[in-house]
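# what follows is a protein structure lacking sequence information:
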């Protein structure tokens, strides 16, 4: 701490701490009327840069003051300006050892000096944490709240960075605030709360890399930096001194080289696998050849089987011809036989015919006689019928005339139709290219289909956006619901339960959702169910309840207790959950001492009376924590009161005061003096007080809602764009479909016209047929009319004739009877003659029947052979249709089967089958399947090998391209570092150089630092085996200084790097550091933290020395400490000596 900062090792009262002023470590604080102004001294430097001060000159350079004086006077050296991103001011509040302190670093070298434990490294910690880096980078503590000053609840770090004139109008001010119990800090940029991401963006803009040990080397990571491997050192160097694209190039080279190795391994594996497959494929070629030969034999047999109908067909033709020949011969023999037997048979036949005719005559004459008997009566009836028939003819004639009347009227119209069709046939429709119309229609359909696919894609994207929007709505709804809950007392208490025990919070949520499963009511933990009306009693209540019962659930029946136990511990597998069962009512818990008597002990009430909540929960606390017997007082008890309560006869065994809790344990078996008292300090109340964390959670929920609404707005924009595009495409598709429909309509109209023209000849024929039909119908009607007239006349004549016929019927009947008897006699004679003829022709008939039967059988055979030939002809045609598609079948038929008969074909099939049977067919399909599968796999592997080869060529090309850019620039950067490194060593009469170890693997590229500290030595690699600790420290600091001129970082921090150096090396290093850091070419600000300095070190006006002092000998009032006076006394002592 500065001389003006409150010392930390001296106990002070709270009033003194609260009343102290904020001061600056550069020696300027509030106005001090009691301290005289220091005399200004002139500052002169000797050749070594070590100035000798006179008592009348300024003690320190003017630029070390917050408000430089003598601005109008000429200066020997113009003050350096702050580089963008360098630290202008650091302000600390309740941070580690500082209550309040403010640092004003210079733009060049800043030396932070002071004894150990005074807070030098605290400044380093403040820079690291204030700029958003994690505590792990410091190697001191795990959580940021461990950096809060003891006794304080909050800490604040404020850093002011130099502005970039091109980007900022004023210096950015970064503030980090944290509180006790918090694992993170809140960051503010220029007073506006910012996220960690925004802060990191600002750091990248200034090229600030706190995690890079070449820029930021805290005390606890010096060893880590010294232990960096050459590979890691190269990475850190690139991060610190090279442009970011070079770091990216190096990473790309590493990644591509790694991928190249993987590809090479993949190529080797594929090559070996390919070789193995080819060997196995070659080994099976002979087997596969035999299998193919077997397969060809099987195919030949199958083809021969297919060709069986051809020889069968030829055989069927031959058999059909033979059957036809035999049938004709039999028919000829039958004809000869019939001719020989024809006279006798003809006589028999004629006789038979004669008998048949005689019998018919007999029968007819019998019938005629019977008819003649009724003829007279029928004549009368027929006369009446003839008269009716005349009348019928008259009516039929009238109807026929009416029917032909309509036909006569239609005939002119039919003739007109014929003329119209003939005129239409004289004008045929124009020729149409239907192929072109079809192509136009297909093009439109293809275009519409493409539009439909794009519309489908847009619908999918719209559905995705709608789903995302619904998800964001769900996020907003959930956040608003959580916010509404958190704003209620129950919600705040539930959040506190969640912070205290996440498992208990999960169990509580399950209970609230499943209350219907319990037989009786189940209560949440006291942290949720109970409250303390008076906040001043919160600490006492929380102490009395304790952590376990504060989170315990209360059941009122044993079944609910067991069921909840199974659910929590077995089903949900929760650990940090306590369950209690209460069986007694709250009224059953009574204190040993009435409340009225408590005042006699200086006590006011019991803890139970300070709480409000459900009676079962309070009963549980009484049962487990005895809150009904734990007394409370709002005032601290005097010692005599405490002693009285400790007495054996005291009814009170536990009580709580505003600051402490007391518990008295008595062992009755050991007498009245066997007792002990446990006293605990009350902790700050956390549960029953309003927590600021609720406001933070509301802010986080609000931010979540804002982010979700922003996302919804973006999604709506995308949704509208897609909808608009979809609408345009739909309209375009509609137009395309309309064009396609129009094209189809045009085609249909033209097709209809051609079809109509093509249909005209049939229509003309039909019309002519109608005309002809009408003419024919008219002619037919005329003929019918004439016929009807004729029938009428005939009916009239028949009427007269019937009268005459009746008279002749009687005489005709008599004649018929006589003729009937004569016919019967003739029939008897003819039958006798026939029997004699049949006896003579019986043998000839038998021979004829046998011959006819033979002819019939031959006809049936011929018919069957013909049918079989037709069937085989169909089969042959079917097989012949296969010839164009099956050349093997075609060749086999025309070269062999076309001349074979059935036996030859069967012999060939048996021969091929015999050869096939001689071939072992076991596993044929498996071997062939494996061979074909392996052949396919060989093709795939060869293709994969080609793809991998192309990928390797591409990687090699990319590696070469990037390496040709990256390697020269890296060589240039390392060469510049080596030049500065060598120059640093040359100043101390030593030698050093920096190089690069290059390897085929870019992961192995490394920094090689070579040094020589003695004349007789040669340059050797820097390691722990060759150089001492001091030499390695010198090399490390020189390497860091070599980076100084090339640094992209606006500042560098090195903490106690000079530890372990001998005085000579420390002096040389310090001198060189001053020269580099304070030169006009210095690229960045420098912080060097050290607990010690040698006398007579080099000094430069551009450097700034910060003296940190604290301890028990520091004055209570920082204003009493005047470093200027101390410096003048030191100079006077040196001048007097």
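Right, received. Where do you want to start? It should be emphasised that the depicted structure is a prediction, and the values quoted were computed from it without experimental measurement.
# hmm, residue 991 is touching residue 1015, no?
No - shown here, residue 991 and residue 1015 do not form a contact pair, counting by Cβ atoms under 8 Å, at 9.4 Å. Every C-beta, even on glycine, is put in place using the N, C-alpha and C of the backbone.
# give me the more crowded residue out of those two.
When neighbours are counted by other Cβ atoms under 10 Å, residue 991 comes out ahead of the other of residue 991 and residue 1015, with 18 against 8.
# for that one, give me its contacts.
982, 985, 1011-1012, 1019 (Cβ atoms under 8 Å, 6 or more residues apart in numbering).
# now the residues you listed in a markdown table, with neighbour count?
Conversion of the contacts of residue 991 to a markdown table gives the following (neighbours: other Cβ atoms under 10 Å):
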| residue | neighbour count |
| --- | --- |
| 982 | 19 |
| 985 | 22 |
| 1011 | 25 |
| 1012 | 15 |
| 1019 | 13 |
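# just the ones of those in helices?
982, 985 (DSSP state H).
# make TSV from the contacts of residue 991 and add distance to residue 355 and pLDDT to it.
Shown next, in TSV, are the contacts of residue 991 (distance: Cβ to Cβ, whole Å; pLDDT from 0 to 100):
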residue	distance to residue 355	pLDDT
982	159	86
985	162	82
1011	158	88
1012	162	87
1019	157	83
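# which of the contacts of residue 991 sits closest to residue 326?
residue 1019 (125.5 Å; Cβ to Cβ).
# measure that closest one to residue 994 for me?
In this view, residue 1019 and residue 994 are 11 Å apart by Cβ to Cβ, to the nearest Å.
# give the intersection of the neighbour lists for those two.
Counting by Cβ under 8 Å, 6+ apart, the residues touching both residue 1019 and residue 994 are residue 1010.
# in the stretch 501-650 of the chain, which spans are helices?
Taking DSSP state H, counting those that start in this stretch, the helices of the stretch 501-650 of the chain run over residues 502-513, 526-529, 538-550, 558-565, 595-598, 615-625, 639-646.
# with mean pLDDT and distance to residue 801 added, can I get the ones you listed in TSV?
Shown next, in TSV, are these (pLDDT from 0 to 100; distance: least, Cβ to Cβ, whole Å):
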stretch	mean pLDDT	distance to residue 801
helix 502-513	88	120
helix 526-529	87	134
helix 538-550	87	143
helix 558-565	91	125
helix 595-598	85	156
helix 615-625	91	136
helix 639-646	85	166
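# how many neighbours does residue 725 have?
Count around residue 725 with other Cβ under 10 Å applied: 15.
# numbering from 619 from now on, please.
All right, first residue 619 from here; so that's residue 1343.
# and the strand or helix carrying it, what does it pack against?
Per DSSP states H and E: residue 1343 is located in helix 1311-1376. Secondary-structure packing of helix 1311-1376 (3 or more Cβ pairs under 8 Å, 6 or more residues apart in numbering; DSSP states H and E): helix 1052-1104, helix 1107-1118.
# mind listing what's buried along stretch 745-756?
Judged by neighbour count using 16 or more other Cβ atoms under 10 Å, the buried positions of stretch 745-756 are 745-751, 753, 755-756.
# quick revisit: report the inter-axis angle for the helix holding residue 1343 versus helix 1052-1104.
160 degrees (axes from the mean of the first three to the mean of the last three Cα atoms, to 10 degrees).
# any idea which helix or strand comes after helix 1311-1376?
helix 1378-1458.
# check contacts around residue 1249.
Residue 1249 touches 1211, 1216, 1219, 1221-1225, 1270, 1272-1274, counting by Cβ under 8 Å, 6+ apart.
# try it again at 7 Å.
Residue 1249 makes contact with 1216, 1221, 1224, 1270, 1273 under the criterion Cβ atoms under 7 Å, 6 or more residues apart in numbering.
# output those residues as JSON lines; include the columns neighbour count and distance to residue 1429.
Formatted as JSON lines, these follow (neighbours: other Cβ atoms under 10 Å; distance: Cβ to Cβ, whole Å):
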{"residue": "1216", "neighbour count": "20", "distance to residue 1429": "168"}
{"residue": "1221", "neighbour count": "23", "distance to residue 1429": "169"}
{"residue": "1224", "neighbour count": "23", "distance to residue 1429": "161"}
{"residue": "1270", "neighbour count": "22", "distance to residue 1429": "169"}
{"residue": "1273", "neighbour count": "29", "distance to residue 1429": "168"}
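# right, I'll call it a day here.
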